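>>> Dropping the sequence and predicted coords here.
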Amino acid sequence: MNLDLPLIWAGLIAVAVLLYVLLDGFDLGVGILFPFARTPAERDTMMDSIAPVWDGNETWLVLGGGGLFAAFPLAYGIITPAFYLPIILMLLALILRGVAFEFRLHGRKRGKAFWTFAFSAGSLLATISQGFVLGGFIQGVTVADGRFAGQPFDWLTPYTLLVAAGLVAGYALLGGGWLMWKTQDQLHGDARRWTSVAAAATGLLLFAVSVATLYAHPQVAERWGYAEGAFGPRFLPLLPIPLLGAAGLAVVAWGLWKKSHGWPFLGAALVFLSGYAGLAVSFFPSIVPYDIDFRQAANADNALGLMLVGIVILLPAILGYTVWVYWVFRGKVSADAGYH
Amino acid sequence: MDLDAILLARLQFAFTIAFHIIFPSFTIGLASFLAVLEGLWLSTRREVFRNLYLFWVKIFALSFGMGVVSGVVMSYELGANWSEFSKVASPVIGPLLAFEVLTAFFLEASFLGVMLFGWKKVGPRLHFAATVLVAIGTLISAFWILSANSWMQHPTGYQVLADGTLRATDWLEVIFSPTFPSRFFHMALAAFLTTSLVVGAASAWQLLRDRTQPESGMALRMAIGMFAIVAPLQLFAGHLSGEMVRVHQPLKLAAIEAYWTTRPDQPQSLVGLPDRQAGKTHYEVEIPGIGNLIQGVPKDTMLQGLDSFPREDWPVVGLVYWSFRIMVGLGLAMIGLGVWGVILILTKRLESSPWFLRSAVLMGPSGFVAVIAGWIVAEVGRQPWTIYGVLRTADSVSPVGPGQVSASLLAFMVIYAVVFSAGAVYILRLIAKGPAPDQEPAPEGEGRAPGSPLAAAPAEPKEV
């Protein structure tokens, strides 16, 4: 049997990162929306809706990092130093918001207020940091001799700021959709309002980021056949991707209009799927744009082979019990969900 | 890379990993303790076990959360600060860390949600299964991380290719490198020991105030039972681990025992101030003639001293020497506490022995100190290598300037100080309150008052 191990692993890592973005995306989004809650009770319910699952969601980030280390060590060894500061910032922000789940319940008056703030600020900061990494990734990483050779602040440009803003809007959209699905009464109504604002912002910023990318990054523009006009031979096969994004936004809008509880979240997920597919198409086969492709960065075949055996057995189990956990906590979140 | 950046990167890694290891070394044991409590409750239906479970699960949730978020840091810091190490080591230990995520982290994270929030959503047996799976997950995690670390201590099952990269040649030799079994055993016992000492201290604290408190009396007995057995076992595990060090890392042994010269019939240094520059130990108290005996080798066996190795390869002798002594000293104190506790239990004087209870409180944090001291012995003792004999620390570091590393180190220190102090306050507050169930009677109907610790618990374990 002759498997293309690097290609398989590129696909697996891509799926892990996508799952991370979708899953932690909605719980970071709930944190971003935290300051807009009307009452402490609403905030408690918002947190209860994600408390049983956030830890599992964040594990996909660990798989993204650990998987990159194990499957594409060269890429891991370039990307992590290249985005040193935003990555550290993200980690610190995730620490603050992660401990807030428990600490908020134990804090007294001032402590609780502090951890409420830490949860929303941490969620926002983690998202912005991820936006910087994503934007910097699209800009391309300076590599010399298999090592990062750029400057510490390469990731901080007007373009990456735009991407970060887009990601904040996108996660807020996911979070709003999640809350519409999981809550009722006044909070549900608030979530509907947040979702509509976030959907408009996401649509606008996604469009702006797409246009800015085509203008600023010629490699991406070429991949999409920008010079050939809107209906050139390169763009046409890729047309389903932006259409999926538009469809996703349409599903959100339709769901909001029809007062649906579940459709807006699904629509938001479609928008992310479209954005993600757009990025994948823009970069494939680069794993560190624009110098290193995934074959160059791949680990030894025997390591990839061993891990493939493991993941073939373990991934279905992981997906199975993850789905089961979501099933256990299905339905609207109730006020006494906590164990405290 | 200049020395400052390396030193800063090492400090940062040491700081973040020392902070991280505090939590797993507590939660590994605590998860198993909770599984035992829940199992006992389900089989005996004695309230005392449920009350203890519902008390310790809160402390577990707090500690586990801190362990998770400080652990996420490690998975990125490895590349951010040690990118060259990552590139060299990944072909061999990459799969080990990937398996840790796949076999342990997802298991723990997913079933933790059920364990903490699923009381009402799943039946008691399924909930018990979730607790057991979390406990198993913590041990699997320790398995893989110790496996990877042991390979770095004494790499086997690999070859160096012409271009300097490494390839695994035998995965079983990589995963079960010679030092791994004893080191895993040693670490797992350390985790159980740490937990039992904390549980013992918290229970003793309650008994000092109210010696009739039934939950604390039970928990203290369970804790004593645990450390009375595990502490002597740990001495044995430590000895096995030490034997591996003697065989595979003679330089580390020389640093641990401050053997300056290679000779048969080494003396056993008890205390002193090792001086790396002078190549001798000041103010040393030593027992001649028993060094070889303690290492378990005949008197005429040559034991290598530091003089057998180039000076630039020496670790910081004093740090390794003293960390080892702190670890062993605390271990002996734990054995003593265990013996004392067992005698008091057998003579039925446990609750009426304030000095024992005070000593148990005092020994509460000793497991953490011993774990960190042990890790310093293992990790500083491996310096100046990251992969012993293969890759030097100086060649492992990322092309990241000292400015970025010092800024992030400072940020880590500030955030960890805030998180750690808050977490410690909340845990100590819970411990001070104790495991006694709330006094007000539970209302009928739904079973428990919403918001109380028992809110999510079913009134009685129901069959499924």
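Alright, I've got the coordinates.
>>> So what's the residue count around residue 334?
No chain specified, so I'll use chain A. Using other C-beta atoms under 10 Å in any protein chain shown as the criterion, residue A:334 is surrounded by 12 other residues. All C-beta atoms are positioned from the backbone trio N, CA, C, and that covers glycine.
>>> meant chain B actually
By other C-beta under 10 Å, 25 other residues sit near residue B:334.
>>> And it, how far from residue A:81?
42 Å (C-beta to C-beta, to the nearest Å).
>>> where along the stretch 151-300 of chain B do the strands fall?
Taking DSSP state E, counting those that start in this stretch, the strands of the stretch 151-300 of chain B run over residues B:158-160, B:166-168, B:268-275, B:280-287.
>>> for those strands, which one sits closest to residue A:334?
Residue A:334 lies closest, by C-beta to C-beta, to one member of these: strand B:166-168, at 50.5 Å.
>>> how close does residue A:101 sit to residue B:116?
Noted for residue A:101: a distance of 10 Å to residue B:116, by C-beta to C-beta.
>>> How about residue B:64?
For residue B:64, the distance to residue B:116 equals 9 Å [C-beta to C-beta].
>>> low-scoring stretches of the stretch 101-250 of chain A, by residue?
Scanning the stretch 101-250 of chain A with the threshold set as pLDDT under 70 gives A:228-231.
>>> same check, this time on chain B
Applying pLDDT under 70 to chain B flags the ranges B:1-3, B:438-464.
>>> redo that, cut-off 50
B:1, B:440-464 (pLDDT under 50).
>>> Which residue ranges of it form helices?
When assigned using DSSP state H, the helices of chain B occupy the ranges B:3-44, B:47-81, B:83-100, B:106-117, B:124-153, B:171-175, B:180-209, B:214-248, B:250-257, B:291-295, B:317-346, B:354-362, B:366-380, B:402-433.
>>> what about stretch A:38-57, distance to the chain center?
Using C-alpha atoms, centre = their mean, to the nearest Å, the mean C-alpha position of stretch A:38-57 is found 19 Å from that of the whole chain.
>>> Regarding it, how distant is the last residue from the first?
Distances were taken as C-alpha to C-alpha, to the nearest Å; on that basis the terminal residues of stretch A:38-57 are 27 Å apart.
>>> Next, the angle from the helix or strand harbouring residue A:41 to helix B:106-117.
Taking DSSP states H and E as the definition, one finds residue A:41 inside helix A:40-50. Helix A:40-50 runs at 140 degrees relative to helix B:106-117, counting by axes from the mean of the first three to the mean of the last three C-alpha atoms, to 10 degrees.
>>> Which strands and helices lie in contact with helix A:40-50?
Contact partners of helix A:40-50 among helices and strands, from 3 or more C-beta pairs under 8 Å, 6 or more residues apart in numbering or on different chains; DSSP states H and E: helix A:5-33, helix A:158-182, helix A:185-216.
>>> between those, which gets nearest to chain B?
Nearest to chain B, of all the helices and strands packed on helix A:40-50, is helix A:5-33, at 9.4 Å by C-beta to the nearest C-beta.
>>> now the angle between helix A:185-216 and the closest one, please.
With the same axes, to 10 degrees defining the directions, helix A:5-33 sits at 130 degrees from helix A:185-216.
>>> So which elements touch helix A:5-33?
Helix A:5-33 makes packing contacts with helix A:40-50, helix A:54-71, helix A:109-139, helix A:158-182, helix A:185-216, helix A:263-283, helix A:294-297, helix A:301-328 when contacts are defined by 3+ C-beta pairs under 8 Å, 6+ apart.
>>> what is the orientation angle of it with helix A:109-139?
Helix A:5-33 and helix A:109-139 are oriented at 140 degrees to each other (the same axes, to 10 degrees).
>>> one step back: single out the most deeply packed of the strands of the stretch 151-300 of chain B.
The highest mean neighbour count among those belongs to strand B:166-168 (a mean of 20), with neighbours defined as mean count of other C-beta atoms under 10 Å in any protein chain shown.
>>> And chain A, is it touching that?
Yes - when contact is scored as C-beta under 8 Å from any C-beta of the partner chain, part of strand B:166-168 falls within range of chain A: B:167, B:168.
>>> Which elements pack onto that strand?
Right, strand B:166-168 is packed against helix A:301-328, helix B:83-100, strand B:158-160 by 3+ C-beta pairs under 8 Å, 6+ apart.
>>> Output the helices of chain B as JSON lines; include the columns distance to residue A:202.
Putting the helices of chain B into JSON lines (distance: least, C-beta to C-beta, whole Å) gives the following:
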{"stretch": "helix B:3-44", "distance to residue A:202": "35"}
{"stretch": "helix B:47-81", "distance to residue A:202": "26"}
{"stretch": "helix B:83-100", "distance to residue A:202": "33"}
{"stretch": "helix B:106-117", "distance to residue A:202": "28"}
{"stretch": "helix B:124-153", "distance to residue A:202": "36"}
{"stretch": "helix B:171-175", "distance to residue A:202": "45"}
{"stretch": "helix B:180-209", "distance to residue A:202": "45"}
{"stretch": "helix B:214-248", "distance to residue A:202": "52"}
{"stretch": "helix B:250-257", "distance to residue A:202": "56"}
{"stretch": "helix B:291-295", "distance to residue A:202": "66"}
{"stretch": "helix B:317-346", "distance to residue A:202": "53"}
{"stretch": "helix B:354-362", "distance to residue A:202": "55"}
{"stretch": "helix B:366-380", "distance to residue A:202": "46"}
{"stretch": "helix B:402-433", "distance to residue A:202": "30"}
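>>> want to throw these into JSON lines with distance to chain A?
Listed next are those as JSON lines, based on distance: least, C-beta to the nearest C-beta, whole Å:
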{"stretch": "helix B:3-44", "distance to chain A": "9"}
{"stretch": "helix B:47-81", "distance to chain A": "3"}
{"stretch": "helix B:83-100", "distance to chain A": "3"}
{"stretch": "helix B:106-117", "distance to chain A": "3"}
{"stretch": "helix B:124-153", "distance to chain A": "9"}
{"stretch": "helix B:171-175", "distance to chain A": "6"}
{"stretch": "helix B:180-209", "distance to chain A": "16"}
{"stretch": "helix B:214-248", "distance to chain A": "18"}
{"stretch": "helix B:250-257", "distance to chain A": "27"}
{"stretch": "helix B:291-295", "distance to chain A": "37"}
{"stretch": "helix B:317-346", "distance to chain A": "27"}
{"stretch": "helix B:354-362", "distance to chain A": "22"}
{"stretch": "helix B:366-380", "distance to chain A": "18"}
{"stretch": "helix B:402-433", "distance to chain A": "4"}
